[in-house]
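Q: Fold the following.
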Amino acid sequence: MSEPKTAGDETDSRVPGGAASRQRLFTAPLLLGLLGLLALTVSSLLVGVYDVFGSPDGAYIFALTRIPRTVSLLLAGSAMAISGLVMQQISQNRFVEPTTTGTTEWAGLGLLCVLILYPEAPLMVKMVAAIAAAFGGTMVFFLVLRRIQLRSAMIVPIVGIMLGAVVGAVSSYLAQATSMLQTLGIWFQGSFSAAIQGQYEPVWAVVIVVIGVFLVADQFTIAGLGKDVATNVGLDHRKVVLLGTGMIAAVTGIITVVIGNLPFLGLVVPNIVSLLRGDNLRSNLPWVCLTGAAMVTVCDIIGRLVNMPFEVPVGTILSVVGAFVFAFLLLRRRRNA
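A: Numbering: from 1, shown residues only. As a prediction, this is how the structure comes out:
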């Protein structure tokens, strides 16, 4: 005879972050997914033009390029996917992420301004400028949304894409006027070829942001229910939105400076996970991290193999994949409407 559930047990099963929710974080399918990601990680370490096993300086090249590149793939993929998930929660829209809200373009504009005004600026200065610009640009996006009466699922990303296009046009003009158009083009490609020892280390900072998202996931879940609901349960909705915006800006700024533009990653991954697993934010977080890291790694491996010894930038492949997924989501929503 089974024991009756107590009120506390029932609350734990319903409240985000309860005991039942915590127990579902690490399951057998997730462990299998981690094994698959491990296989992709090993493949990334082994793929390349240079023979690291047959050359006398192979160990040096392996430590100089292969390991930093693979670590950057895993960290950038996980962090950008998490950023997209957080942005979708606080904006209550599945079609937004740093690319479709102009956040990435703002980060690029901040970086470009530093390169123009202070060409010899250290990496930390570039990161701070990109993060500040990304934060300011995201807040502009939310302020514009507040003044829009019709906030349908389609209007929100359209507004973000329009803002991003304006900022991108400003960046292109400044880059052309200062003979830095080629630098801007390289940034838009989003390639991991520059992730080498001595330059990729700032990417480790995104781990702090990812851990922070795990710690405050319940607050993001409640904020995603709307300002009225959040206020009724005693949550300061404005502070949660500012916190989420700061996390998104930090990740976008760091990845922009070190790697470049990774379009649509924050849109594709959370929606795929949501379609397969539902909308439980806390239980989806490990899957979003895993899927984001796996997708970027797969795209990078394809980019290195498809035209060897040359490389196709990861950003190019992600743009193609993201465009198809974005169109699929739009058509699916229209069919279900």
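Q: for stretch 279-293, what is the average pLDDT?
A: Here stretch 279-293 scores 86 as its mean pLDDT.
Q: can you check stretch 165-175 too?
A: 91.
Q: Tell me, how many residues neighbour residue 208?
A: When neighbours are defined as other CB atoms under 10 Å, residue 208 has 12 of them. Heads up, the C-betas are built off the backbone N, CA and C, glycines and all.
Q: Please identify the helix or strand for it.
A: Assessed by DSSP states H and E, residue 208 sits inside helix 206-215.
Q: Please name every helix or strand in contact with that helix.
A: On a contact count with 3 or more CB pairs under 8 Å, 6 or more residues apart in numbering; DSSP states H and E, helix 206-215 meets helix 67-91, helix 237-258, helix 281-305.
Q: Swap in 6 Å and give it another go.
A: Helix 206-215 sits against helix 67-91, helix 237-258, with contacts defined as 3 or more CB pairs under 6 Å, 6 or more residues apart in numbering; DSSP states H and E.
Q: For residue 296, which of those is the nearest?
A: In terms of CB to CB, the element of the helices and strands packed on helix 206-215 nearest to residue 296 is helix 67-91, at 3.3 Å.
Q: Averaged pLDDT, the closest one. What do you get?
A: Here the average pLDDT along helix 67-91 is 90.
Q: Quick one: low-confidence residue ranges for the stretch 101-250 of the chain.
A: The stretch 101-250 of the chain contains residues with pLDDT under 70 at 149-151.
Q: where does residue 55 land in three-state SS?
A: coil (DSSP: H, G, I helix; E, B strand; the rest coil).
Q: and it, how many neighbours?
A: 12.
Q: same question, residue 42
A: With other CB under 10 Å as criterion, residue 42 counts 11.
Q: ok, and it, which helix or strand is that part of?
A: With DSSP H and E as criterion, residue 42 is part of helix 28-46.
Q: Deepest-packed of the helices and strands packed on helix 206-215, please.
A: Greatest average neighbour count among these goes to helix 67-91 (a mean of 26), per mean count of other CB atoms under 10 Å.
Q: what packs against that one?
A: So helix 67-91, by 3+ CB pairs under 6 Å, 6+ apart, packs with helix 28-46, helix 206-215, helix 217-223, helix 237-258, helix 265-277, helix 281-305.
Q: after that helix, next one along is what?
A: helix 103-117.
Q: give me phi/psi at residue 224?
A: phi -70, psi -10 (degrees, to the nearest 10).
Q: Contacts only, for it.
A: When contacts are counted by CB atoms under 6 Å, 6 or more residues apart in numbering, residue 224 touches 89, 92.
Q: ok so, going back, okay, angle between the helix holding residue 208 and helix 237-258 too, please.
A: 160 degrees (axes from the mean of the first three to the mean of the last three CA atoms, to 10 degrees).
Q: Between helix 281-305 and helix 206-215, find me the angle.
A: Using the same axes, to 10 degrees: helix 206-215 against helix 281-305 is 150 degrees.
Q: How about residues contacting helix 206-215?
A: 75, 79, 82, 247, 250, 251, 254, 285.
Q: One more: stretch 238-251?
A: 79, 83, 86-87, 90, 131, 134-135, 138, 206, 209, 219, 223.
Q: Looking at the residues you listed, which is nearest residue 313?
A: The closest of the contacts of stretch 238-251, once distances to residue 313 are taken by CB to CB, is residue 79, at 18.5 Å.
Q: Can you tell me, leaving aside adjacent residues, what's nearest to the closest one?
A: residue 206 (3.8 Å; CB to CB, 6 or more residues apart in numbering).
Q: again, but for residue 181
A: residue 175 (4.5 Å).
Q: Let's have the contacts of stretch 238-251 in CSV, adding distance to residue 65.
A: Putting the contacts of stretch 238-251 into CSV (distance: CB to CB, whole Å) gives the following:
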residue, distance to residue 65
79, 21
83, 26
86, 31
87, 32
90, 37
131, 27
134, 28
135, 32
138, 33
206, 20
209, 25
219, 40
223, 41
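Q: Could you find the closest non-adjacent residue to the residue nearest the centre of the chain?
A: Per CA atoms, centre = their mean, the C-alpha nearest to the average position across the chain is that of residue 80, at 1.2 Å. Excluding its sequence neighbours, the residue lying closest to residue 80 (CB to CB, 6+ apart) is residue 265, at 4.6 Å.
Q: need the contact list for the one you found.
A: 80, 81, 318.
Q: out of those residues, which one sits closest to residue 51?
A: Relative to residue 51, and with distances defined as CB to CB, the nearest of these is residue 318, at 28.6 Å.
Q: Sounds good, over and out.
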